[in-house]
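Enquirer: Next one to model:
(one chain, ligands or ions: 1)
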Amino acid sequence: VDSGQAKDNIINYRKKHLGKTLSLSYETPLKMVRGQGAYLFDEQGTPYLDMVNNVCHVGHCHPKVVAAGQQQLAKLNTNTRYLHDNIVNYAEKLLATMPEQLSVCMLVNSGSEANELAFRLARCHTKSKELIVVDGAYHGNTNACIEASPYKFNGPGGEGAQPHVHTVTLPDPYRGEFLGDNPDTAIAYADSVQKTIVQLQQSGKKVGAFICESLQGVAGQIIMPAGYLPAVYSHVRDAGGVCIADEVQVGFGRVGSHMWAFETQNVVPDIVTLGKPIGNGHPMAAVITTQAIADSFVTGMEYFNTFGGNPVSCAIGMAVLDVIEDENLIAHAKKTGNYLQDKLRKLQDKYHLIGDVRGLGLFIGVELVEDRNTKSPATEQTSWLVEFFKQHQILLSTEGRFYNILKIKPPMAFNINDADKFIHVLELGLKALSQ
Ligand code: PMP
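Expert: Presented below is the predicted three-dimensional model:
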């Protein structure tokens, strides 16, 4: 049992001294003191099943990751200006998971920093800062990343799109401009990107980069129709631009069939950004690119990153890759994810509130609607369910423009028993809501 500060003290201090933009989950916030596998424990020792944290990817406080960090931290931590085995061993292992063309790895400290560097690489390579982004997307908290995130610049407190940023429609087969997950919608969505490229050209500009998550996270746990990225990548490249795949949320085997979510769309990006799960909670991230793009970044200006690629982060990143392999986590994500989606579809047959179930592996979205024909979003019911889950010690959150999508992306330690527990509580909640 925790002997630390009372929850109210922490809340008051945060409000006064930690900046008012810091947000909390739940009206009565939780205080967590320990984590293990797919579970978090509060100050009373109560276990909560964590179904949202895709950062502690191989499980909260995985012993192998913890040991790797502890051992290296006790021995040496310094920067990349000295030779060290860890950075080359880690880069080699990480690059081995990527398509051959993606042969250069730059290590940074957060997903935002990775995207920030990706934009710099793209600008150096294409000599253009014109950026195409997908509606609803979030790519990070820095200036350039906010400018690349319609979720932020079109959301509360946002200042709209900067002149160099061009938003294309969200390829959402359930609620988007073109409906259905089929080759025709993929082409229709890709054509709308081509239109933007042509408009740019007509105004005398050239596309620099297209950035897109390989599966849409913040925009609503959306699986783009097969064929979308291949068609868009080809349009962007024909116009002289480069294609950035943001794998910050969805990478490292979560999709169950591949290590990288872009592989499910059968494309090879020019730049890939990695973050969140890469260090199982330790702040690290990476940018992976081609030799040609990396060479364009050699302008005479040094690139130095104080913490990026330090021996401790590399040891931790290496341990994460080892655990994914040793514990067969990609296959596990597929099996558990398919099981969960199956059960969710059975509930969908019984309860009208469930409008759509979609996902790949352990990345799943459940979209709740008041009416299946009009698809009017069941926002209140979704938020009621999240609170109901909390009362049953399950942590979940909502996603999408209307906050009517249950977002499921648990640590990969999440298993079949956990799935059963979740389905049981979900059915209790759906029953209560239908009465
Ligand atoms: N890209 C995506 C898709 C993300 O979801 C996030 C974080 N939510 C980021 C980038 C930014 O990562 P970070 O918070 O580590 O800077």
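
Enquirer: I figured V250 hits L362, correct?
Expert: No - between V250 and L362 there is no contact under Cβ atoms under 8 Å: 10.1 Å. Placement of C-beta: from N, CA and C, glycine included.

Enquirer: Can you check what pLDDT the model gives whatever residue of the stretch 51-200 of the chain ends up closest to the ligand?
Expert: Taking Cβ to the nearest ligand atom as the measure, the point where the stretch 51-200 of the chain comes nearest the ligand is G111, at 2.3 Å. On the pLDDT scale, G111 is placed at 98.

Enquirer: Check D2 too.
Expert: Looking at D2, its pLDDT stands at 77.

Enquirer: chain center to stretch 224-244, what's the gap?
Expert: Stretch 224-244 has its C-alpha centroid displaced from the chain centroid by 20 Å (Cα atoms, centre = their mean, to the nearest Å).

Enquirer: Now the terminal residues of it, how far apart.
Expert: Terminal residues of stretch 224-244 are spaced 16 Å apart (Cα to Cα, to the nearest Å).

Enquirer: quick one: buried residues of it?
Expert: Within stretch 224-244, the residues that count as buried by 16 or more other Cβ atoms under 10 Å are 224-225, 227-229, 231-233, 235-236, 239, 241-244.

Enquirer: Can it be said to contact the ligand?
Expert: No - figure legend: stretch 224-244 not in contact with the ligand (Cβ under 6 Å from any ligand atom); closest approach 10.6 Å.

Enquirer: So for that stretch, mean pLDDT?
Expert: Throughout stretch 224-244, pLDDT has a mean value of 98.

Enquirer: Burial check on the closest residue to L170 other than its chain neighbours, number of neighbours?
Expert: In space, and not counting its chain neighbours, L170 is closest to D135: 4.4 Å by Cβ to Cβ, 6 or more residues apart in numbering. Other residues near D135 come to 18 when the count uses other Cβ atoms under 10 Å.

Enquirer: Enumerate every residue touching D135.
Expert: When contacts are counted by Cβ atoms under 8 Å, 6 or more residues apart in numbering, D135 is found next to P150, T167, V168, T169, L170, A219.

Enquirer: what residues are up against the residue nearest the centre of the chain?
Expert: The C-alpha lying nearest the average C-alpha coordinate of the chain belongs to Q249 (Cα atoms, centre = their mean; 1.7 Å). Applying Cβ under 8 Å, 6+ apart to Q249 gives the contacts N54, E213, L215, G217, K276, F363, K409.

Enquirer: and the residues you listed, which of them are in helices?
Expert: Assignment to helices by DSSP state H places none of those there.

Enquirer: Quick check: strands, which of the residues you listed are part of them?
Expert: Applying DSSP state E to these, the entries found in strands are E213, F363.

Enquirer: Could you restrict the contacts of Q249 to the ones contacting the ligand?
Expert: Answer for these near the ligand (Cβ under 6 Å from any ligand atom): E213, G217, K276.

Enquirer: how about the residues of the stretch 101-250 of the chain near the ligand?
Expert: Taking Cβ under 6 Å from any ligand atom as the contact definition, the stretch 101-250 of the chain meets the ligand at 110-112, 115, 138-141, 213, 217-218, 246, 248-249.

Enquirer: Please list the members of those that lie in strands.
Expert: Among these, the members found in strands (DSSP E) are E213, D246.

Enquirer: quick check, nearest of the residues of the stretch 101-250 of the chain next to the ligand to L40?
Expert: Q249 (19.2 Å; Cβ to Cβ).

Enquirer: Next, work out how far apart that closest one and T273 are.
Expert: 10 Å (Cβ to Cβ, to the nearest Å).

Enquirer: ok, now A226?
Expert: Counting by Cβ to Cβ - A226 and T273 are separated by 22 Å.

Enquirer: swap in V357?
Expert: Counting by Cβ to Cβ, the separation of V357 from T273 is 28 Å.

Enquirer: Look at I324 and say how many residues are nearby.
Expert: I324: 21 surrounding residues under other Cβ under 10 Å.

Enquirer: Could you list the low-pLDDT ranges of the chain?
Expert: 1 (pLDDT under 70).

Enquirer: Outline the domain layout of it.
Expert: The record's domain parsing of the chain by automatic domain parsing lists 7-58+328-434, 63-326.
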